[in-house]
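Student: Kindly generate the corresponding structure for this input.
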Amino acid sequence: MEFLTILICIKLILILFFSYMKIIFNQMELFIYFRLFVKTVDERSRFLKIISALAVSLVFGSIANAQTQSFQVRLDNLTSSAPNSGQPFSRPIFATHNSNVSFWSPNEAASNGVRQIAEEGDNAPFLLDLMLAGSDVSSQLVGGAPVLPGGSLSFMVTTDAAHPFLSSIWMLGRTNDGFSGNLGFDLFSLAPGGSVTLNLIGLDAGTEVNNEKAAFLPALGGNGLNEPEFSVIGPHSGIRGDADAPASWNWTGPTSRLTITAAAAPEPGTLALLPLALLALPLLRRTSKGI
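Tutor: Numbers count the residues shown, from 1 in each chain. Below you'll find the predicted structure:
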């Protein structure tokens, strides 16, 4: 009889697993299996306890997972991919966070973290700021390589409703202090399966004069010289091409496109087991009288 009980439990687990795709048929099969093979009151009581525990576990596990959501994110570099043209992006930083975090503020002075990205493509100070933000930031991702003109980067991110915002930042690699990115897009504003496209302009950190001279441009082997500019963050005017930087590095319109797609809603198979768990409870109370 114990061997039969083990077989029943194995069969039950398989039935619950495949219920995501064929929940109705599996529940019918479970009922038939119950009637054919589980005969005594003790066996039925044990059987119902097992199925109740498994069903409730699956249901509440599904409810817990519903508190988080996954999103597909794609970054496209829209600048020209012709030879010696366009703007390569430094390794981009993405983070999910709450409303206490802002990567930068338009028309205000750049933080040191933003300045280091915009002038040198150095992510370290900015990543330190994110780490010091503690629980205000739920996740962060750094691209494994620069995103070249015409190139793209795709990844999945999972976050919860307490950290619904996605922000990003990267250097426009052939500028004095140009950068781009997005500020605090609310991921949970997307319906399951929904998508949004954000066209992002080039920004000027306002920390270095746009002299476009080789000694000040990392892309031309600049040695870290800086001609300070005490301004604020605003739209970048582009590459003029009147010094060492060629005009082919210029861009028109947005420099990048961010496409965000919410994962589709989960299959309802697990939640369909809830009636099964609820029905099992009164049946357990009836085992003392027989079924």
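Student: Extract the residue ranges of the stretch 151-291 of the chain that are flagged as low pLDDT.
Tutor: 266-291 (pLDDT under 70).
Student: the helices in it, which residues?
Tutor: Taking DSSP state H, counting those that start in this stretch, the helices of the stretch 151-291 of the chain run over residues 274-286.
Student: which secondary structure elements does the helix or strand where Gly113 lies contact?
Tutor: When elements are assigned from DSSP states H and E, Gly113 belongs to helix 112-120. Judged by 3 or more C-beta pairs under 8 Å, 6 or more residues apart in numbering; DSSP states H and E, the packing partners of helix 112-120 are helix 124-132, strand 165-171, strand 178-186. Backbone N, C-alpha and C define where each C-beta goes, glycine included.
Student: now with 6 Å?
Tutor: Taking 3 or more C-beta pairs under 6 Å, 6 or more residues apart in numbering; DSSP states H and E as contact, the helices and strands that helix 112-120 lies on are helix 124-132, strand 165-171.
Student: do you know which of those lies nearest Phe179?
Tutor: Among those, strand 165-171 comes nearest to Phe179, with 5.2 Å by C-beta to C-beta.
Student: contact partners of the closest one?
Tutor: Contact with strand 165-171 is made by 89-90, 92-97, 103, 117-118, 121, 179, 181-187, as judged by C-beta atoms under 6 Å, 6 or more residues apart in numbering.
Student: Adjacent strands (with direction) for it?
Tutor: Note on strand 165-171: by DSSP bridges, its sheet partners are strand 93-97 (antiparallel), strand 178-186 (antiparallel).
Student: May I have it as CSV, with CA atoms only?
Tutor: Extracted in CSV, the C-alpha atoms of strand 165-171 (Å, rounded to 0.1, in the frame of the first residue of the first chain):
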residue,chain,number,x,y,z
PHE,A,165,11.6,53.1,-12.2
LEU,A,166,14.3,52.4,-14.9
SER,A,167,17.1,55.0,-15.5
SER,A,168,20.2,54.8,-17.7
ILE,A,169,23.3,56.8,-18.6
TRP,A,170,26.3,56.6,-20.9
MET,A,171,28.9,58.8,-22.5
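Student: all strands in the stretch 151-291 of the chain, in order from the N-terminus.
Tutor: 152-160, 165-171, 178-186, 195-200, 203-204, 234-235, 256-262 (DSSP state E, counting those that start in this stretch).
Student: one step back: can you list the helices and strands packed on helix 112-120 in a markdown table and add distance to Thr255?
Tutor: Putting the helices and strands packed on helix 112-120 into a markdown table (distance: least, C-beta to C-beta, whole Å) gives the following:
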| stretch | distance to Thr255 |
| --- | --- |
| helix 124-132 | 19 |
| strand 165-171 | 10 |
